[in-house]
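S.K.: okay, structure incoming, though there's no sequence with it:
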């Protein structure tokens, strides 16, 4: 894309970083949660136990129509951490690690150049700890060179970040997915699962950062509810007697879409059961996912309790972000990687010190992940890099009724634009548009009936708007 290659005769035409301002600037705590769909009580899901994230939503602003740029971890995190639209695959950050513009003006690098101590722990970029190599711990292969003062991934009994990423209880490492159970509930402590080392390390880092002379930009990445769905048993038991609502629009869509066969889920050991044809197993999967969400929520609670014990608590911007959604049977998909609403809508909660008006009131304005970088610059009183494509959300933090704007997302050879009423999905082949999907959310919130054939003028207008945002 054009805006990713703005190098002029080898020199970056960027504003000079502002001088460090010590502790006068607010700190930033960025909480990234993997595969978290907006199925939380504060987002309207009354059957979910999420008291800690709900408490954050009451303190700040929940964005109920926040859309990610890509329904896959690496590409979505690229847009979060760079503030630009970009590649569509998990290798996005690694592939651009040598791009001088991206390397020097990504989010943590920008805060670091403006006087912040920048620390990440857990899964913030695509690889937990932000390194490549066979076990994702090779210091010579950083995803974001020079961006972090410290980028950490304590791995405990899981040995290394690769083992941590898809681990189950007590150090079990995924070697072949078919030999690992897709669902698990070990009756043990929180640290029996791979997020245990992350939360313990995060609490240690908060204590260190409180003593730092500089303000901090601290990013914490939790793995659950990412596959496999394993969590301490007490969180899964929360749902033993809870009735879940039926799965909306559970049928495979008709015609060409980005539907897929849920391969990431299906490759695990499922005891020869398939949630697409086994309602009892589908309910069991949904309850295990919910248990993983409640486990992640408890980790957020521990992190916030740790922050509250420090002197930084009253001067810290807090952002909680899910890297994309996840289908739990909608459109007969069990996973992400589609361009339907379920893959692209994720939770976003922002708490900004000093912006207390209407706190706790959610906003339904459409916003995008690329809006987060300029928002943090605005709230921290930093001049942002010149080529960010998003818009600060300050107006929505001050007024939940403020209007949003269209959001775009993409995967492979397809891209989509979501407006207040419609979603257009455009498929291309050989550089030419081959097929369109158009859904009217006012009459069809499940994105079932493709009306592109009966609304060619509207489809063309939305396609033009999509091109304008992409280019």
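M.R.: Thanks, I have it. A quick note: this is a predicted structure, and the numbers were derived from the prediction, not measured.

S.K.: do you know how far residue 158 is from residue 171?
M.R.: 6 Å (Cβ to Cβ, to the nearest Å). In short, each C-beta sits where N, CA and C put it, glycine included.

S.K.: where does the prediction get shaky in the stretch 201-350 of the chain?
M.R.: For the stretch 201-350 of the chain, no stretch has pLDDT under 70.

S.K.: show me where it has strands.
M.R.: Residue ranges of the strands in the stretch 201-350 of the chain, as given by DSSP state E, counting those that start in this stretch, are 216-222, 229-232, 316-322, 327-328, 334-335, 348-351.

S.K.: these into TSV, with extra columns for distance to residue 411 and mean neighbour count?
M.R.: As requested, the strands of the stretch 201-350 of the chain are exported to TSV (distance: least, Cβ to Cβ, whole Å; neighbours: other Cβ atoms under 10 Å):
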stretch	distance to residue 411	mean neighbour count
strand 216-222	22	26
strand 229-232	23	27
strand 316-322	17	23
strand 327-328	14	22
strand 334-335	13	23
strand 348-351	20	26
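
S.K.: so which of those comes closest to residue 245?
M.R.: Nearest to residue 245, of all the strands of the stretch 201-350 of the chain, is strand 327-328, at 10.7 Å by Cβ to Cβ.

S.K.: let me see the contact set for the residue nearest to the spatial centre of the chain.
M.R.: Most central in the chain under Cα atoms, centre = their mean is residue 323, positioned 1.3 Å from the mean C-alpha point. By Cβ atoms under 8 Å, 6 or more residues apart in numbering, residue 323 lies in contact with 32-36, 68, 73, 76-77, 80, 346.

S.K.: out of those residues, list just those in strands.
M.R.: By the criterion of DSSP state E, membership of these in strands covers 32-33.

S.K.: same list, the contacts of residue 323, but as TSV with neighbour count and distance to residue 139 please.
M.R.: Listed next are these as TSV, based on neighbours: other Cβ atoms under 10 Å; distance: Cβ to Cβ, whole Å:
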residue	neighbour count	distance to residue 139
32	25	22
33	26	26
34	24	23
35	24	28
36	28	30
68	28	29
73	23	22
76	28	25
77	29	20
80	23	23
346	25	31
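
S.K.: check the contacts of residue 323 and tell me the two furthest apart.
M.R.: Counting by Cβ to Cβ, the most remote pair of the contacts of residue 323 is 35 and 80, 14.5 Å apart.

S.K.: any idea how far residue 113 is from the residue nearest to residue 314 when sequence neighbours are not counted?
M.R.: The spatial neighbour of residue 314 that comes closest, neighbours along the chain excluded (Cβ to Cβ, 6 or more residues apart in numbering), is residue 353 at 6.5 Å. For residue 353, the distance to residue 113 (Cβ to Cβ) stands at 23 Å.

S.K.: with residue 201 instead?
M.R.: Distance from residue 201 to residue 113, counting by Cβ to Cβ: 25 Å.

S.K.: enumerate every residue touching the closest residue to residue 306 other than its chain neighbours.
M.R.: The shortest distance from residue 306 to any non-neighbouring residue, by Cβ to Cβ, 6+ apart, is to residue 203 (4.4 Å). By Cβ under 8 Å, 6+ apart, residue 203 lies in contact with 302-303, 306.

S.K.: out of those, which sit inside helices?
M.R.: Among the contacts of residue 203, DSSP state H puts 302-303, 306 in helices.

S.K.: what's the average pLDDT for stretch 159-175?
M.R.: Averaged across stretch 159-175, the pLDDT comes to 98.

S.K.: got a list of contacts for it?
M.R.: Contacts of stretch 159-175 (Cβ under 8 Å, 6+ apart): 123, 127-129, 131, 134-137, 153, 155-158, 177, 180-181, 184, 186, 188, 192-194, 197, 223, 226-228, 230.

S.K.: which of the residues you listed are buried? Put it as a PyMOL command.
M.R.: Burial among the contacts of stretch 159-175 is assessed by 16 or more other Cβ atoms under 10 Å; the matching PyMOL selection reads:
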select buried, resi 123+127+128+129+131+136+137+153+155+156+157+158+177+180+184+186+192+193+194+197+223+226+227+228+230
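
S.K.: next, count neighbours for residue 403.
M.R.: 12 (other Cβ atoms under 10 Å).

S.K.: three-state assignment of it?
M.R.: On the three-state scheme (DSSP: H, G, I helix; E, B strand; the rest coil), residue 403 is labelled coil.

S.K.: quick check on it: phi, psi?
M.R.: As for residue 403, its main-chain torsions (degrees, to the nearest 10) stand at phi -70, psi 150.

S.K.: the closest residue in space to it that isn't next to it in sequence: neighbouring residues, count only.
M.R.: In this structure, residue 403 finds its nearest non-sequential neighbour in residue 365, 6.0 Å apart by Cβ to Cβ, 6+ apart. By the criterion of other Cβ under 10 Å, residue 365 has 21 neighbours.

S.K.: isn't residue 365 right next to residue 62, touching?
M.R.: No: between residue 365 and residue 62 there is no contact under Cβ atoms under 8 Å: 11.3 Å.

S.K.: just give the nearest non-adjacent residue to the residue nearest to the centre of the chain, would you?
M.R.: Closest to residue 323 by Cβ to Cβ, 6+ apart is residue 76, at 4.6 Å.

S.K.: pretty sure the one you found sits against residue 68.
M.R.: Yes: counting by Cβ under 8 Å, residue 76 does reach residue 68; the two are 4.6 Å apart.

S.K.: shared neighbours, those two?
M.R.: 323-324, 369.

S.K.: which one of these sits closest to residue 450?
M.R.: residue 324 (22.7 Å).

S.K.: for the closest one, what are its contacts?
M.R.: Contacts of residue 324 by Cβ under 8 Å, 6+ apart are 35, 68, 70-73, 76, 336, 343-344, 346.

S.K.: from those, which land in helices?
M.R.: Per DSSP H, these map to helices at 73, 76, 343-344.

S.K.: and the residues you listed as TSV, adding distance to residue 295?
M.R.: Output for those, formatted as TSV (distance: Cβ to Cβ, whole Å):
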residue	distance to residue 295
73	19
76	21
343	22
344	24
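
S.K.: go through those residues and name the one nearest residue 386.
M.R.: Nearest to residue 386 among the ones in helices among the contacts of residue 324, with distances taken as Cβ to Cβ, is residue 76, at 23.3 Å.

S.K.: next up, the contacts around the closest residue to residue 121 other than its chain neighbours.
M.R.: Distance criterion Cβ to Cβ, 6+ apart; nearest residue to residue 121, sequence neighbours excluded, is residue 152 at 4.5 Å. Going by Cβ under 8 Å, 6+ apart, residue 152 touches 119-122, 129, 201, 205.

S.K.: for residue 152, grab phi and psi.
M.R.: Per degrees, to the nearest 10, the backbone of residue 152 is at phi -120, psi 150.

S.K.: what does the one 5 residues further on give?
M.R.: The main-chain torsion angles of residue 157 are listed as degrees, to the nearest 10 and equal phi -70, psi -10.

S.K.: could you dump the contacts of residue 324 to TSV with distance to residue 276?
M.R.: Shown next, in TSV, are those (distance: Cβ to Cβ, whole Å):
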residue	distance to residue 276
35	19
68	25
70	24
71	19
72	21
73	23
76	25
336	16
343	17
344	21
346	23
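
S.K.: and which of these is nearest to residue 286?
M.R.: Closest to residue 286, out of all of these and judged by Cβ to Cβ, is residue 35, at 13.7 Å.
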